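**Q** Coordinates for the following, if possible.
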Amino acid sequence: ELRFNWHTLSHRYKKTDSYFGSAFYTLDVSGATPLITRKVVQLNNDYIHQVIDVYHV
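**A** Numbering: from 1, shown residues only. Next up is the predicted model:
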């Protein structure tokens with residue numbers, strides 16, 4: 001299992017918003033190349049000013 005924290009910025013309407021969270025990956029390393037078998041992205045912001053999409057995280 002692989003775990004890490006992330007941080008990203010989004011600039012829209014002359015304002016920059018910050019988003020942060022964690023991600024959890026489960027890897028299958030039994031083959032020649034590792035494969036992601038499960039992925040969870042967790043957003044940890046208390047307040048979100050706008051609707052976010054996959055390009056923000």
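**Q** pLDDT weak spots in this structure?
**A** 53-57 (pLDDT under 70).
**Q** Let me know the outermost residue of it.
**A** When distances are taken from the C-alpha mean of the chain, Ala32 lies farthest, 26.4 Å away, according to Cα atoms, centre = their mean.
**Q** how much space between that residue and His11?
**A** 41 Å (Cβ to Cβ, to the nearest Å). The way it works is simple: take the backbone N, C-alpha and C, and place the C-beta from them, glycine included.
**Q** thinking again about what came up before, helix, strand, or coil at the residue farthest from the centre of the chain?
**A** Following DSSP: H, G, I helix; E, B strand; the rest coil, Ala32 is assigned to coil.
**Q** which other helices and strands contact the helix or strand harbouring Phe24?
**A** Phe24 is located in strand 15-28, with elements delineated by DSSP states H and E. Applying 3 or more Cβ pairs under 8 Å, 6 or more residues apart in numbering; DSSP states H and E, we find strand 15-28 packed against strand 2-12, strand 35-43.
**Q** who does that strand pair up with?
**A** Applying DSSP bridges, strand 15-28 is found paired with strand 2-12 (antiparallel), strand 35-43 (antiparallel).
**Q** Next, the buried residues of it.
**A** For strand 15-28, the buried set under the neighbour-count rule, 16 or more other Cβ atoms under 10 Å, comprises 17, 19.
**Q** roughly how far out does that strand sit from the chain middle?
**A** Centre-to-centre, strand 15-28 and its host chain are 2 Å apart (Cα atoms, centre = their mean, to the nearest Å).
**Q** residues making contact with that strand?
**A** With contact meaning Cβ atoms under 8 Å, 6 or more residues apart in numbering, strand 15-28 is reached by 1-11, 34-45, 48-50, 52, 56-57.
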